[in-house]
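Participant: could you work out the structure for the sequence below:
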Amino acid sequence: MGADPVQVGLVTSFNRPGGNVTGIASMNVELGAKRVGLLHELLPAARRIGALVNGTSNLPLLEEVKQGASNLGLEVEVYTISNFRDIEIAFADFIRKRVHALIINPGAPLSERRVQLATLSIRHALPMMAPVRENVELGGLMSYGPSLADEFRNAGIYTGRILKGEKPSDLPVMRATKFEFVVNLQTARALDIIVPPTLLARADEVIE
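Facilitator: Numbers count the residues shown, from 1 in each chain. Predicted coordinates for the structure are as follows:
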């Protein structure tokens, strides 16, 4: 599973899941401040950040984003998405509130509307930091987050072990260890943004 099993209360701890559940922890909560920092490094003049979140499941991550923003003297405008129809309304709200950049938090329906998010980001000139590389491949500006391919591979390994007879309660929750920072230079040019060489040098992949 991509969600943090401890955060959502499915297991008692990473090392001793208990019950009949184990999984893969994406560590997304711990990455909230890092995403804010990368966005600030790209756009040091931006003072107000919009955060798109998916209901109560993103509350721990949202607090991390807010803390990271507060440490940098930034304001955060939050819009909670219930369904895909809310997304365009959220962008209009961010424009009205003079938001300078945008952070997309993980989870449906946001993870299902990546093309729409990228399109609206460019249309409204709102640079977007996303949680996974798939957003950037579809036109988002930047992403920092766990490798979904690595998570799926690890989930497959655990599935195989369980099918061979191991108990989920005996398998520690795997924590994501492979994280990717991806930048889309095509989108940067469309937004008239110059990405600093120091930031590009740290990118795991740059989409030309």
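
Participant: hang on, Gly145 packs against Ile104?
Facilitator: No: counting by Cβ atoms under 8 Å, Gly145 stays clear of Ile104, with 10.1 Å between them. For glycine as for every other residue, the C-beta is placed from the backbone atoms N, C-alpha and C.

Participant: and for the two, which residues touch both?
Facilitator: 130-131 (Cβ atoms under 8 Å, 6 or more residues apart in numbering).

Participant: neighbour count for the two, which is higher?
Facilitator: Ranked by neighbour count (other Cβ atoms under 10 Å), Gly145 and Ile104 place Ile104 first, with 28 against 24.

Participant: residues touching the nearest residue to that one once chain neighbours are set aside, list them.
Facilitator: Of all residues not flanking Ile104 in the chain, Ala130 sits nearest, at 4.7 Å (Cβ to Cβ, 6 or more residues apart in numbering). With contact taken as Cβ under 8 Å, 6+ apart, Ala130 is in contact with 104, 114, 117, 136, 140-143, 145.

Participant: where in this protein is pLDDT low?
Facilitator: For the chain, applying pLDDT under 70 flags the ranges 1-29, 55-58, 149-152, 154-155, 157-158, 174, 176.

Participant: which residue ranges form the strands in it?
Facilitator: Counting by DSSP state E, the chain has strands at residues 24-25, 48-53, 75-80, 101-104, 128-130, 142-146, 174-175, 179-184, 205-207.

Participant: dump the ones you listed into a markdown table; add distance to Ala33 as well.
Facilitator: Below are those laid out as a markdown table (distance: least, Cβ to Cβ, whole Å):
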| stretch | distance to Ala33 |
| --- | --- |
| strand 24-25 | 17 |
| strand 48-53 | 12 |
| strand 75-80 | 12 |
| strand 101-104 | 11 |
| strand 128-130 | 12 |
| strand 142-146 | 11 |
| strand 174-175 | 17 |
| strand 179-184 | 14 |
| strand 205-207 | 22 |
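
Participant: most packed of the ones you listed?
Facilitator: strand 128-130 (a mean of 29; mean count of other Cβ atoms under 10 Å).

Participant: each with direction, which strands does that one pair with?
Facilitator: Strand 128-130 has the following sheet partners, assigned by DSSP bridges: strand 101-104 (parallel), strand 142-146 (parallel).
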